[in-house]
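Visitor: Here is my input, please return the structure:
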Amino acid sequence: MNTRLINITLLIQCLCLSRGYGFTIQLRSELLAKNTLVLGQSSHVPVRVQALRMTTDAEQEASSPGDKMRESNGKRPSLNPTIINAISEALLIRSSPASEDGPMEVTDGVSPIEVAVAAGQLASSAIDKRAQTSTAVKGDEGSAFNQEESHLVAGRVVGVVMRWEGLEGILVDRVKGTKWVMKYGEEASFGLTKDECKDGCDKKEVDAVVKKRLKDDPLMRMCRSECLYALFLQTVEMPAMEKIGQLPSDASSGIDFLDSDRIEVLLQDGFS
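Guide: Numbers count the residues shown, from 1 in each chain. Reported below is the predicted structural model:
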């Protein structure tokens with residue numbers, strides 16, 4: 001599979017969940033005009049978002065080269081570390097105005113299409129790196145992402161990037177609504193600054209501080225990535241799957257890349 005040619009229809013599917021069919025047709029037309037869409041694909045692709053079994057970073061690291069046990073039991077490596085790292089990189093790019101890696105935020109001068117394509121390219125790069133790592137060691141080729149897994153990685157990365165504002169708003173609200181987080185100054189464990197959780201602060205000043213912190217603090221950036229990804233799964237992907245009547249066989253595993261404290265704060269509606 002040539003991951004440099006990620007099916008842009010997937011990006012359209014992600015956007016369709018929140019922007020409506022009219023926007024979808026416009027987006028597809030513009031992508032076709034730019035020769036970005038992979039031709040030969042059906043233009044009537046249903047919005048299908050499939051879930052993966054949530055596994056931890058430790059499980060990812062445990063998949064050693066030539067892991068015969070994984071081959072025998074059919075267990076696939078977790079997609080979560082790749083997705084979370086890609087989201088973290090997108091946050092870094094968004095926090096670095098001088099970055100040449102493409103826009104990661106919709107602004108007056110940047111269209112949603114540009115951001116979707118840039119996020120798709122970022123996901124494609126992450127998938128390529130995974131493939132290179134897997135093929136570098138004999139016997140570990142099977143750990144490379146297959147087509148379905150690559151689609152999931154791309155769809156989720158793009159889905160989070162296209163919903164920065166909404167997901168970050170939910171994150172702030174849920175942290176602010178939990179007294180112990182504010183009391184013990186644990187905002188950073190959710191990837192937030194203290195000012196983000198205060199009322200009455202100047203938004204432009206807060207945004208500037210947040211971008212600097214995210215640029216300079218990799219741990220905080222990773223925490224924010226994990227939280228935004230978890231909220232995306234809970235508030236976007238799972239409701240979309242339920243709406244179309246598709247329940248993944250591995251959904252019972254839940255979101256286990258978060259510790260119990262963060263799950264309690266973020267996933268207040270259940271899905272954990």
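Visitor: Quick one: the helices in this protein, in order.
Guide: Along the chain, the segments classed as helices by DSSP state H run 9-19, 21-33, 57-62, 68-73, 80-94, 112-135, 147-161, 164-176, 179-183, 203-216, 218-232, 238-243, 260-266.
Visitor: buried stuff in the last one?
Guide: For helix 260-266, the buried set under the neighbour-count rule, 16 or more other CB atoms under 10 Å, comprises 262, 263, 265, 266. To be clear about C-beta, it is placed using only N, CA and C from the backbone, and glycine gets the same treatment.
Visitor: so the first one touches residue 190, yeah?
Guide: This points to residue 262. Yes. Assessed by CB atoms under 8 Å, residue 262 is found in contact with residue 190 at 6.6 Å.
Visitor: which neighbours do those two share?
Guide: In terms of CB atoms under 8 Å, 6 or more residues apart in numbering, residue 262 and residue 190 are both contacted by the residues residue 227.
Visitor: in this protein, which segments are predicted with low confidence?
Guide: The model of the chain has pLDDT under 70 over residues 1-74, 135-142, 247-254, 269-272.
Visitor: swap the cut-off to 90 and go again
Guide: Counting by pLDDT under 90, the chain shows low-confidence ranges at 1-80, 96-103, 105-110, 130-153, 198-204, 237-242, 244-256, 267-272.
Visitor: ok, how many other residues are close to residue 168?
Guide: Other residues near residue 168 come to 18 when the count uses other CB atoms under 10 Å.
Visitor: show me the contacts for it.
Guide: Counted by CB under 8 Å, 6+ apart, residue 168 has contacts residue 228.
Visitor: Please report the distance of it from residue 205.
Guide: Remark: distance between residue 168 and residue 205 (CB to CB, to the nearest Å) = 16 Å.
Visitor: can you check residue 231 too?
Guide: As for residue 231, its distance to residue 205 is 25 Å (criterion: CB to CB).
Visitor: More neighbours: these two, which one.
Guide: Set residue 231 next to residue 205 and count neighbours by other CB under 10 Å: residue 231 wins out with 22 against 10.
Visitor: And the more buried one, how close does it get to residue 193?
Guide: Counting by CB to CB, the separation of residue 231 from residue 193 is 18 Å.
Visitor: Would you agree residue 231 is in contact with residue 172?
Guide: No. Between residue 231 and residue 172 there is no contact under CB under 8 Å: 10.8 Å.
Visitor: show me the contacts for residue 106.
Guide: Under the criterion of CB under 8 Å, 6+ apart, the contact partners of residue 106 comprise 112, 115, 162.
Visitor: quick one: the last one and residue 113 touch, right?
Guide: So the one you mean is residue 162. No. Here residue 162 does not reach residue 113: they are 10.4 Å apart, not a contact under CB under 8 Å.
Visitor: Please identify which of the two sits among more neighbours.
Guide: residue 162 (25 against 21).
Visitor: State the number of residues packed around residue 239.
Guide: Counted with other CB under 10 Å, the neighbours of residue 239 add up to 13.
Visitor: If you drop the residues flanking it in sequence, what lies closest to residue 134?
Guide: residue 144 (3.8 Å; CB to CB, 6 or more residues apart in numbering).
Visitor: next one: residue 105
Guide: Using CB to CB, 6+ apart and skipping the chain neighbours, the partner closest in space to residue 105 is residue 94 (5.0 Å).
Visitor: ok, now residue 88?
Guide: Computed as CB to CB, 6+ apart, the closest residue to residue 88 that is not its neighbour in sequence is residue 225, at 4.2 Å.
Visitor: Quick one: residues contacting that neighbour.
Guide: Going by CB under 8 Å, 6+ apart, residue 225 touches 84, 85, 87, 88, 91, 191.
Visitor: Which one (most neighbours) among those residues?
Guide: Scoring the contacts of residue 225 on neighbours with other CB under 10 Å, the highest-scoring entry is residue 87 at 29 neighbours.
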